[in-house]
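Visitor: Pasting the sequence and the predicted coordinates here, then a few questions.
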Amino acid sequence: MLLASLSALAVIALVPSPAGAQSLSPELKALDEQLPGELVSDPSRIDWDSYGPDFYAESIVDESIPGGGAARRFHINRATEFIYTSGTNIPLIRDVDRGDVITIGFWARTVEASTPDGRGVVRVRFQQDAPPYPGFGEKTLEIGTEWDWYEVTAPVEQKLRRKDGIVAIQFGRTKQILEIGQAIVVSGASTIEGTPVSTPAPTVLAPTVENLIPPPLAGQGKLLNDPRSREWTITAVSGLSEPRDEPGIWLGKATKLVSTAGSANGPGVTVRIPIGEALAEGDEFQIAIAACTVSATTPTGKALIGISVEHGEGGKSRFAENRMEVGPNWQLIRVRTRAPAAVAAGTGEVVLELGEMEQAVDIGPVYVLKPH
């Protein structure tokens, strides 16, 4: 197994190496001298190109992640017939010649998977990232639920150029959530495991709020709030709230809201979520709430959430009142509305209300967007 000293290398995002560069940076050159064979990837990057239908990827940071405390989390929300319909591509930074041997090693674990044993399924393939996408060395791996190191080795059947050579990790045939951390690709060696290496700490770029917009909302406007913030005002007249980690939804956090019944004092549970930025009278904007039903005593088994917007000091004015049904799987509830009056910065709130019946819902991130 790779030594713990390797853990300083993996990060969310780095300033990438120049495209097609044959020479290595001083940091990668130092690593190359310690590894078997020749280093042909940049292990300090995990901002790999990813793709797939009903799919999204996000970066996560946690000190417990081996290989540097960072990884990419891949959500495959719908299985397809072919495994290659969803995947991620790790680019090569050096040529690899035919007749050589190539090895990839990477950290990975399965968060959840719709397989009998709960293990994820991926296929590793060395290939050219250009039509007709010729490749070799295909191997299917089962990924366990604990972090582990996985390797695939193959003889090089065709030259891979730094211009378009990749290692494809494909996973579209299974509904699953996978996490893949640091990956290292070498040529001229049949294994990386067991090699003692040490590396300098890389430079990490801080994420921006705009980069937090999930794929279904991409291009739909400017964020007026910070969806990472869970500093909500929650009032439970007849119910409770329970925050927790939730890897199954964007940004990895959720709050379970439980309403035991309505009361004369108002809804069982009320949540107030700050909008943040100001709105002018007549401004159009969209509220998008990630939510799913845990349980509900409604005829359909789906919870009902009241959604509105309030603003102003003291006695607040309310508009955009809606009542939305929430299904049992994570979904985006969307409300498009227009400000009937100016909303000063820091005075607007999205208000969620649960009441009238026994029900429980999970609320993930909330996004407020104004069209550009």
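Guide: Nice, thanks for sending it over.

Visitor: ok, residues contacting the helix or strand encompassing Arg73?
Guide: Secondary-structure element containing Arg73, defined by DSSP states H and E: strand 70-76. In this structure, residues lying in contact with strand 70-76 by Cβ atoms under 8 Å, 6 or more residues apart in numbering are 10-12, 46, 48, 50, 52, 54-62, 65, 86, 88, 107, 111, 171-172, 174-182, 247-248, 252. In this view, the C-beta of every residue, glycine as well, is placed from N, C-alpha and C.

Visitor: for this structure, where's the lowest mean pLDDT among helices and strands?
Guide: Within the chain, no helix or strand scores below strand 55-61, which has a mean of 83 by mean pLDDT, DSSP states H and E.

Visitor: Contacts for it, please.
Guide: When contacts are defined by Cβ under 8 Å, 6+ apart, strand 55-61 is touched by residues 12-13, 46-47, 50, 69-78, 86, 88, 172, 179, 207, 214-215, 250-252.

Visitor: tell me which residues in it are buried?
Guide: For strand 55-61, the buried set under the neighbour-count rule, 16 or more other Cβ atoms under 10 Å, comprises Phe55, Tyr56, Ala57, Glu58, Ile60.

Visitor: so what's the residue most central in space within the chain bridging to?
Guide: For the chain, the residue sitting closest to the mean C-alpha position, by Cα atoms, centre = their mean, is Glu58 at 2.4 Å. Beta-bridge partners for Glu58, by DSSP bridges, are Arg73.

Visitor: Any figure for the gap between it and Phe136?
Guide: Going from Glu58 to Phe136 by Cβ to Cβ, to the nearest Å gives 31 Å.

Visitor: who's in contact with Val368?
Guide: Contacts here follow Cβ under 8 Å, 6+ apart; on that basis Val368 touches Leu223, Leu224, Asn225, Ile275, Gly276, Phe285, Gln286, Ile287, Ala288, Val350.

Visitor: next one: Ala339
Guide: The neighbourhood of Ala339, defined by Cβ under 8 Å, 6+ apart, consists of Leu279, Ala280, Glu281, Gly282, Asp283, Phe285, His311, Phe319.

Visitor: So which of those sit within strands?
Guide: Restricting these to those inside strands, with DSSP state E as the criterion, leaves Phe285, His311, Phe319.

Visitor: for Pro274, which residues make a bridge with it?
Guide: Using DSSP bridges, the beta-bridge partners of Pro274 come out as Glu349.

Visitor: Run a quick check on it versus Asn225, I expect a contact.
Guide: Yes - the pair formed by Pro274 and Asn225 meets the contact definition of Cβ atoms under 8 Å, at 6.5 Å.

Visitor: re earlier: filter the contacts of strand 70-76 down to the buried ones.
Guide: Applying a neighbour-count criterion of 16+ other Cβ under 10 Å, the buried members of the contacts of strand 70-76 are 10-12, 46, 48, 50, 52, 54-58, 60, 65, 86, 88, 107, 111, 171-172, 174-182, 248, 252.

Visitor: re the thing from before, buried among the contacts of Val368? Make that a ChimeraX selection.
Guide: When burial is assessed using 16+ other Cβ under 10 Å, the buried subset of those is captured in ChimeraX by this command:
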select :223,224,225,275,276,285,286,287,288,350
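
Visitor: Could I get the contacts of Val368 in a markdown table, plus columns for pLDDT?
Guide: Putting the contacts of Val368 into a markdown table (pLDDT from 0 to 100) gives the following:
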| residue | pLDDT |
| --- | --- |
| Leu223 | 92 |
| Leu224 | 93 |
| Asn225 | 92 |
| Ile275 | 94 |
| Gly276 | 88 |
| Phe285 | 96 |
| Gln286 | 96 |
| Ile287 | 96 |
| Ala288 | 96 |
| Val350 | 96 |
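
Visitor: Just put the contacts of Val368 in CSV and tack on distance to Ala236.
Guide: Converted to CSV, these look like this (distance: Cβ to Cβ, whole Å):
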residue, distance to Ala236
Leu223, 28
Leu224, 27
Asn225, 23
Ile275, 22
Gly276, 24
Phe285, 28
Gln286, 28
Ile287, 22
Ala288, 24
Val350, 18
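
Visitor: which one of the contacts of Val368 sits closest to Val343?
Guide: Within those, distances to Val343 taken as Cβ to Cβ reach their minimum at Ile275, with 7.2 Å.

Visitor: rewinding a little: please report how far the residue nearest to the centre of the chain lies from Val237.
Guide: Taking Cβ to Cβ as the measure, Glu58 falls 35 Å from Val237.

Visitor: what's the answer for Val96, then?
Guide: Counting by Cβ to Cβ, the separation of Val96 from Val237 is 65 Å.

Visitor: Quick one: end-to-end length of stretch 58-68, please.
Guide: Terminal residues of stretch 58-68 are spaced 16 Å apart (Cα to Cα, to the nearest Å).

Visitor: Oops, could you answer that again for stretch 219-239 instead?
Guide: For stretch 219-239, the first and last residues are 37 Å from each other (Cα to Cα).

Visitor: Can you point out the buried residues in it?
Guide: Across stretch 219-239, burial judged by 16+ other Cβ under 10 Å covers Gln220, Gly221, Leu223, Leu224, Asn225, Pro227, Trp232, Ile234, Ala236, Val237, Ser238, Gly239.

Visitor: The second one contacts Pro371, doesn't it?
Guide: Yes - Gly221 is within contact range of Pro371, at 4.6 Å (criterion: Cβ under 8 Å).

Visitor: Out of the buried residues of strand 55-61, flag the one nearest to Thr297.
Guide: When the buried residues of strand 55-61 are ranked by distance to Thr297 (Cβ to Cβ), Tyr56 comes first, at 32.4 Å.
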